[in-house]
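Asks: Would you be able to build a 3D model of this:
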Amino acid sequence: MSETTTYTVTGMTCGHCEMSVREEVGEIPGVQDVQASHETGAVVVTSDGPLDRAAVAAAVEEAGYALA
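Replies: Below you'll find the predicted structure:
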């Protein structure tokens, strides 16, 4: 069963920022879909089960941003 979680990410300012976050978070095992909005700071992750917040935080940091 799919699970959807919304995270708040700081520092995204454009579409390129969104793409970077989507690519990094999308590499986490179990992630099915990632939607990011620099306008709201929201990153919505759909996965096949619960995700480790630390793994999401590390992926966001790899993209150059931070979880709020």
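Asks: measure Leu67 to Thr8 for me?
Replies: The gap separating Leu67 from Thr8 is 7 Å, by C-beta to C-beta, to the nearest Å. For the C-beta atoms, the positions are set from N, CA and C on the backbone; glycine is no exception.
Asks: Please say which of these two ends up with more neighbours.
Replies: Leu67 (16 against 11; other C-beta atoms under 10 Å).
Asks: Assign the nearest residue to that one once chain neighbours are set aside to helix, strand or coil.
Replies: The shortest distance from Leu67 to any non-neighbouring residue, by C-beta to C-beta, 6 or more residues apart in numbering, is to Ala57 (4.8 Å). Classification of Ala57 using DSSP: H, G, I helix; E, B strand; the rest coil returns helix.
Asks: Could you measure from Ala57 over to Val25?
Replies: Distance, Ala57 to Val25, by C-beta to C-beta: 10 Å.
Asks: the more surrounded of these two?
Replies: Val25 (26 against 15).
Asks: okay but the more buried one is in contact with Val60, surely?
Replies: Yes - contact between Val25 and Val60 holds when scored by C-beta atoms under 8 Å: they sit 6.6 Å apart.
Asks: So for those two, which residues contact both of them?
Replies: Val43 (C-beta atoms under 8 Å, 6 or more residues apart in numbering).
Asks: And the strands in this structure, which stretches?
Replies: 3-10, 31-36, 42-47, 66-67 (DSSP state E).
Asks: Make TSV out of those strands and add mean pLDDT and distance to Arg53.
Replies: Listed next are the strands of the chain as TSV, based on pLDDT from 0 to 100; distance: least, C-beta to C-beta, whole Å:
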stretch	mean pLDDT	distance to Arg53
strand 3-10	98	8
strand 31-36	98	13
strand 42-47	98	11
strand 66-67	98	8
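Asks: what's the closest non-adjacent residue to Ser20?
Replies: Ala63 (4.1 Å).
Asks: Kindly provide the distance from the one you found to Thr8.
Replies: Applying C-beta to C-beta to Ala63 and Thr8 gives a distance of 14 Å.
Asks: Repeat that for Glu23.
Replies: Distance from Glu23 to Thr8, by C-beta to C-beta: 19 Å.
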